[in-house]
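>>> Structural data only, the sequence is not supplied:
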């Protein structure tokens, strides 16, 4: 239970069928009690007080039994059957903590069982309790007292209401349950967290370690994933594309269809898929920091600095989450009590770079700059600085307001379960893949279509896409973008940032030759063998790359083949215009999903203000950077 | 005496909020109940880390809030 980073802030639901019963399971945001002060807590409390549920499953953190039971004592008077999941049972066993489950059941009038969330231990028994309650509800229309499968009577007299006196009464009852049903009072507190905090919370050493950890996060993400990204790129273009061309030509597929698949699908969608290793590794680090208990420490360290800007440390959590994705970061503002704070942080979040923008930055930086990692980090820093300046200006003008007090729980450090981390990383990566398979796929097809229409055109510069691109180019020419291909790729970028690359892959490659009928087929077996060797080489190279100090870099290959796109981009941009292009993508909005969630959480007015304002900021900064750089 | 008057590593018993503070309700539900023993783990910047000894829970509160939380 807790509302620190990564924990549910909205309802999430799943339907399952078990032994012939249909169960609709709803996961709610965490609560300390039923007095909701944040939007996330209101979601949970409103649902719990409604008639939409039949059974409550209360997940107790066994390491904090008494405090968690306080919520149980508030849930019981709601009149629904309650099943207690006594979670983190593995850690409690290691600490020598014992719980008399029948005694807890008798005192509270519930069903209970031990669980271990990260392994799934105890879930079957829990489901059995739910089914027994469910059967009783099915037979009688409500869980009545007495007997197996029916709600039990609590031995304790439960206070109701949320007065201070009721709270004190519940505290005494929780204390009694702890003393009579557990041996918690005999537990020894862990000194590991205390010793580690002496270092990680130090005002200077702690900050230095925090900076070092983020440097390592970026270094390992780029260097370890680089060889794999090269391999995937080669696989797509040298094997998949060549193989499809050979197969399609041999079975007589129309040449235009072969070109469509190669350019829009393999070239467009496949190009974005190349970046999956980078995205997955970045998500691994962010998830690890969240689950280890380190994220609240970062919030604590940064509070002093945030306070000088008129903000407070609690705002750091959504801002840190935004490096993973802006959408859940804006959703996490539900945990802020004050609406002014929520709007302020919501307007800052889209300036923080996310993996979708990172893939574009990585692509351009490795083409144009000798020290690409430095360029990428500079862009991240620009985003952070613009976000902080936005907060400073808004706090002193339009969004003045009383700051909420800073209250934060510091959980103990835990070594995250690698299985759980892997599940979460896979969920994020799957979402990235889903976007590649849907939004990017559709956009790639549309862009390819616009580049090849109207029928009968001699080249892409006569297409509908070119007309649109040329029409908007005057707006972007002052910031160094005077190529219609570059400005055309900005349009789908509004949907999702990574779409820029797939669109460019389609736009810049569309002028390539059609496959010639009767051309010799490539030796696919030899190509497959080459890919296999290439993969093994990538594994070796990725480990070696991490072992070096500093950042390694991609090598820009020879013209043509899979590096034809990179060379086309090199001809279309200069380092100055590439950097200004990246600034535009960094600062102007984020993606359509971010806009949608901003409208939902902040309202239409502030979302529109942000869209207009962020375009102006992005354009002005890109203009300044391009012109100063070009003049040097 | 309030939490703000305590030094690093000093212990005390929490007695409640001086004036009812809207954040006090949240702190109560997080475990800072009247009669609980607390220790000041760390005072840093404008914040104080408290260890609620009876629960083994650590909370961070700012000094403004600490100044209205009474202890003995």
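Structure received. The shown structure was predicted, so the numbers you read here are calculated from the model rather than taken from an experiment. Numbering: from 1, shown residues only, chains lettered A, B, ... in the order given.

>>> For the rest of this, base every contact and every neighbour count on C-alpha atoms.
OK.

>>> and the helix or strand containing residue A:74, what other elements does it pack with?
In the assignment (DSSP states H and E), residue A:74 maps to helix A:65-75. Here helix A:65-75 touches strand A:56-61, helix A:164-181, helix B:22-30, going by 3 or more C-alpha pairs under 8 Å, 6 or more residues apart in numbering or on different chains; DSSP states H and E.

>>> Go through the last one and flag the buried ones.
Okay, so that is helix B:22-30. Within helix B:22-30, the residues that qualify as buried by neighbour count (16 or more other C-alpha atoms under 10 Å in any protein chain shown) are B:24, B:25, B:26, B:27, B:28, B:29, B:30.

>>> quick one, it and helix A:164-181 angle?
Our comparison of helix B:22-30 with helix A:164-181, counting by axes from the mean of the first three to the mean of the last three C-alpha atoms, to 10 degrees, yields an angle of 20 degrees.

>>> Can you name the element that comes right after helix B:22-30?
strand B:37-44.

>>> any idea of the mean pLDDT in that following strand?
For strand B:37-44, mean pLDDT rounds to 92.

>>> Run through the residues that contact residue A:155.
Counting by C-alpha atoms under 8 Å, 6 or more residues apart in numbering or on different chains, residue A:155 touches A:106, A:107, A:108, A:109.

>>> With distance to chain B and secondary structure as extra columns, can I get these in a markdown table?
Converted to a markdown table, the contacts of residue A:155 look like this (distance: C-alpha to the nearest C-alpha, whole Å; DSSP: H, G, I helix; E, B strand; the rest coil):
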| residue | distance to chain B | secondary structure |
| --- | --- | --- |
| A:106 | 23 | helix |
| A:107 | 21 | helix |
| A:108 | 19 | helix |
| A:109 | 22 | coil |
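
>>> Show me how to select, in PyMOL, the buried members of those residues.
PyMOL command restricting those to the buried ones, with burial defined by 16+ other C-alpha under 10 Å:
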select buried, chain A and resi 106+107+108+109
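
>>> what does the worst-scoring helix or strand of chain B on mean pLDDT contact?
The helix or strand of chain B with the lowest confidence, counting by mean pLDDT, DSSP states H and E, is helix B:22-30 at a mean of 79. With contacts defined as C-alpha under 8 Å, 6+ apart, helix B:22-30 is touched by A:32, A:33, A:67, A:70, A:405, A:407, B:17, B:33.

>>> quick one on the thing from earlier: with pLDDT and distance to residue A:413 as extra columns, can I get the contacts of residue A:155 in CSV?
Shown next, in CSV, are the contacts of residue A:155 (pLDDT from 0 to 100; distance: C-alpha to C-alpha, whole Å):
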residue, pLDDT, distance to residue A:413
A:106, 90, 33
A:107, 90, 32
A:108, 91, 31
A:109, 89, 33
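
>>> Out of the contacts of residue A:155, which comes closest to residue A:312?
residue A:108 (39.5 Å; C-alpha to C-alpha).

>>> Isn't that closest one up against residue A:156?
Yes. Assessed by C-alpha atoms under 8 Å, residue A:108 is found in contact with residue A:156 at 6.5 Å.

>>> Is residue A:119 located within a helix, as I assumed?
No. Under DSSP: H, G, I helix; E, B strand; the rest coil, residue A:119 sits outside any helix and is assigned coil.

>>> Would you double-check that residue A:399 falls in a helix?
No. Looking at residue A:399 with three-state DSSP, it is coil, so not inside a helix.

>>> Return the list of helices and strands in contact with the longest helix along chain A.
Criterion DSSP state H: the longest helix present in chain A is helix A:205-234. Counting contacts by 3+ C-alpha pairs under 8 Å, 6+ apart, helix A:205-234 packs against helix A:192-200, helix A:276-292, helix A:294-308, helix A:524-547.

>>> The third one close to chain B?
Just to be clear, that refers to helix A:294-308. Yes. Against chain B, helix A:294-308 shows contacts by C-alpha under 8 Å from any C-alpha of the partner chain at residue A:304.

>>> Check the offset of that helix from the chain's centre.
On the basis of C-alpha atoms, centre = their mean, to the nearest Å, helix A:294-308 sits 21 Å off its chain's mean C-alpha point.
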